[in-house]
Each structure stands twice: as C-alpha cells, then as structure tokens.
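> Model the following, please.
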Amino acid sequence: MAGGWAPELRVHETGTGCRLTLVGVTYGNGPTLQEAADDLVVRVLNLVLGLRSSGIPGRPGLGAPGPEVLDFLWEVGDRAARGHDVRPFILGLVEEPDPAP
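Okay, the predicted model is just below:
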C-alpha cells in the first residue's frame, strides 16, 4: 500500500496444504496456495462486511484491532464497493492506490 501500512503476509505449509496469514487480520487455509488465498480473501471481505454493518469488532481477550488494521479493512471495503478486484490489494500485489472509477 503506497504511503501507508499494509499487513505482513506469511505462508506456512501445513500437513494438508498451506495457510496464508495476513498478520493481525486473519488467515486462509487450503490444499493449494491458490485455495488458501481464496479463503483468505473471503475471510477479509467478511470482516469488512461486519465492520461496515456493525462497527469496530471486538475480539475476546484481544480487544479491538489497531487503527492501521481498521484503515486497511476500510480501504478493502472502499475498493470492493467501487467494484474493483480486491485480491491484489489484500495479497500485497498492489503498491499504487486504486484508480477512481
């Protein structure tokens, strides 16, 4: 994310495939890297929907996410609402801001 914070993306091999972790946000699992990425994107979008409909989520024992995580999730939501493909943004493949519609 140009000029801003982006969560670190970690890849971990599991006994049944792999896990992609967007550190401080969520994770995705799958038998292949592609399927783990798909799962991660769905989980992030579900977080965004919850954030936009119910406000800042609390996490038992952890409290609310930090402002940088909330900003990241809000940006994902803005991009999705404009009809843009959020996958490259979530996976850290985009360094420039999304163009206006």
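> center of the chain - which residue?
Val44 (4.2 Å; CA atoms, centre = their mean).
> Now that one. Nearest residue, chain neighbours left out?
Excluding the flanking residues, the one nearest Val44 by CB to CB, 6 or more residues apart in numbering is Ile90, at 5.3 Å. The way it works is simple: take the backbone N, C-alpha and C, and place the C-beta from them, glycine included.
> So what's the residue count around the one you found?
Neighbours of Ile90 under the rule other CB atoms under 10 Å: 30.
> Tyr27 now?
16.
> Which SSE is immediately downstream of the longest helix belonging to the chain?
Identified as the longest helix of the chain according to DSSP state H is helix 33-54. Downstream of helix 33-54, the next assigned helix or strand under DSSP states H and E is helix 67-81.
> Go ahead and name everything in contact with the helix or strand containing Thr21.
Assigned by DSSP H and E, Thr21 belongs to strand 17-22. For strand 17-22, contacts defined as CB atoms under 8 Å, 6 or more residues apart in numbering pick out 7-12, 27-33, 35-37, 39-40, 44, 90.
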